[in-house]
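Visitor: For reference, the sequence and a predicted model appear below.
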Amino acid sequence: MPPHDDLGIPNNGVLIRAVQADWILRDATVERITSATFVAGQMETSCFLADEVGGVNGFQQDILPLLEQELGKSLRIATVPVSDVRARGLWVYRKPEEFRGNPAHVVIAAPEGMSKSQYKKAARSLAGDAQLQP
Amino acid sequence: MALATWDTTLATLPPAIQTRELSPIKQDTLAAEPYWAEMQSIDVPWKTAALARISALEIQGRDVPGLGDLRPTEEAASQLRRCINSVTLHSLPIPHVVPLSGRGIQLVWQSGARAIEVTSFADGEIVLEPLENGEINEEISADAPELLLKWLVKAPRAHEGHATAR
């Protein structure tokens, strides 16, 4: 299916994004995620619908270990509301074929016609709103 | 006539000197010299570190379904290298170079409250952004990396974290 905004994914939903260690900036005691967490080279960022993977705990138990095993490194988790994604003009839609056929796997994508500069700005702003989980 | 004079001069010199005068020592040039000369021209700590990191990402990057494809494309890597090589400033902070999901690369220079983010997308398109306290500074033109970097190193705390003092 071509990129689109899947309005079947509710605005009050929450997305979970796996975060690499080098996408986190540490200033003294504060940690924050950088734009690299949500900026993707092909303008599509993999996430999971929290409600459909058993929340953050379910994700940590069932999915995160698979990603860490594949990457060979440990990962953190960030969460962001679907409404925040749409508020920045970005789309959310399901892409189960990119993760073991799992329909909870979605992507945050740039709509057609959005420039890379606009996309980057939106993704940075989204990173500012996302919550890095302990 | 000139030849006769030359022969006379030689006849008065000891044999060893004759040989040396008639066979001037040739300056040998090692095949490696031009290579090393070229390497020295790019021997700038921040460039060396950034280029090495890009190469490492190309070799070590992995495709992780559910996280993203962390292997930079050839276009993303080569355009970022080109951007790096276009900068003539030697005294810059060592940049952070991180893989992006979707086969891109991001390079970030941080100096105090200021930062320059260079994003190389999978198709090789580069986006430059000047940031101040994490927000885009719209007043600075993002067209040329060299100008942005001059703005970066003029930051009040620009001396902190520099790789070289040159």
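Guide: Looks like it came in fine. Residues are numbered from 1 along each chain as shown, chains lettered A, B, ... in the order given.
Visitor: check contacts around the residue located most distally from the centre of chain A.
Guide: Distance from the C-alpha centroid of chain A, by Cα atoms, centre = their mean, peaks at residue A:28 (25.7 Å). Going by Cβ atoms under 8 Å, 6 or more residues apart in numbering or on different chains, residue A:28 touches no other residue. (Each C-beta comes from the backbone N, C-alpha and C, glycine too.)
Visitor: ditto for residue B:67
Guide: Applying Cβ under 8 Å, 6+ apart, the residues near residue B:67 are A:18, A:20, A:46, A:67, A:70-71, A:75, B:101.
Visitor: just checking, which of those belong to helices?
Guide: Among the contacts of residue B:67, the members found in helices (DSSP state H) are A:67, A:70-71.
Visitor: List buried residues within those.
Guide: A:67, A:71 (16 or more other Cβ atoms under 10 Å in any protein chain shown).
Visitor: Around chain B, which positions in chain A sit nearby?
Guide: Proximity of chain A to chain B is confined to A:18, A:20, A:22-23, A:34-36, A:39-46, A:48, A:63, A:66-67, A:70-72, A:75, A:98-100, A:105, A:116-117, A:120-121, A:124, A:128 under the rule Cβ under 8 Å from any Cβ of the partner chain.
Visitor: How many residues are close by residue A:104?
Guide: The local packing of residue A:104 (other Cβ atoms under 10 Å in any protein chain shown) involves 20 other residues.
Visitor: List the contacts of it.
Guide: A:48-49, A:52-53, A:96.
Visitor: Just the buried ones from those residues?
Guide: Judged by 16+ other Cβ under 10 Å, buried ones among the contacts of residue A:104: A:48-49, A:52-53.
Visitor: Now the spatially closest residue to residue A:36 that is not a sequence neighbour. Its backbone dihedrals?
Guide: For residue A:36, ignoring the flanking residues on the chain, the nearest one in space by Cβ to Cβ, 6 or more residues apart in numbering or on different chains is residue A:23 at 4.5 Å. Backbone torsions for residue A:23, taken as degrees, to the nearest 10, come to phi -100, psi 10.
Visitor: Same question for residue A:44.
Guide: Dihedral angles of residue A:44 (phi, psi; degrees, to the nearest 10) stand at phi -140, psi 120.
Visitor: coming back round to it: could the ones in helices among the contacts of residue B:67 go into a markdown table alongside pLDDT?
Guide: Formatted as a markdown table, the ones in helices among the contacts of residue B:67 follow (pLDDT from 0 to 100):
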| residue | pLDDT |
| --- | --- |
| A:67 | 97 |
| A:70 | 93 |
| A:71 | 94 |
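Visitor: Just checking, which helix or strand of chain B averages the lowest pLDDT?
Guide: Using mean pLDDT, DSSP states H and E, the weakest-scoring helix or strand in chain B turns out to be helix B:33-41, at a mean of 43.
Visitor: What parts of chain B come near chain A?
Guide: B:62, B:64-70, B:72-73, B:76, B:96, B:98-106, B:108, B:117, B:119-122, B:125, B:127, B:129, B:134, B:136.
Visitor: let's see 6 Å
Guide: Contacts of chain B with chain A, taken as Cβ under 6 Å from any Cβ of the partner chain, map to B:64-68, B:98, B:100-104, B:106, B:119, B:121-122, B:125, B:127.
Visitor: Which of the residues you listed fall within strands?
Guide: Using DSSP state E, the subset of those located in strands is B:64, B:68, B:98, B:100, B:104, B:106, B:119, B:127.
Visitor: So what's the residue count around the fourth one?
Guide: When you say that, I think you mean residue B:100. Number of residues near residue B:100 (other Cβ under 10 Å) recorded here: 30.
Visitor: Okay, and the beta partners of it?
Guide: Counting by DSSP bridges, residue B:100 forms beta bridges with residue B:104.
Visitor: Next one, pLDDT for residue 131 please.
Guide: Let's take chain A. Residue A:131 carries a pLDDT score of 95 in this model.
Visitor: Chain B was what I was after
Guide: 91.
Visitor: got the contact list for it?
Guide: Applying Cβ atoms under 6 Å, 6 or more residues apart in numbering or on different chains to residue B:131 gives the contacts residue B:115.
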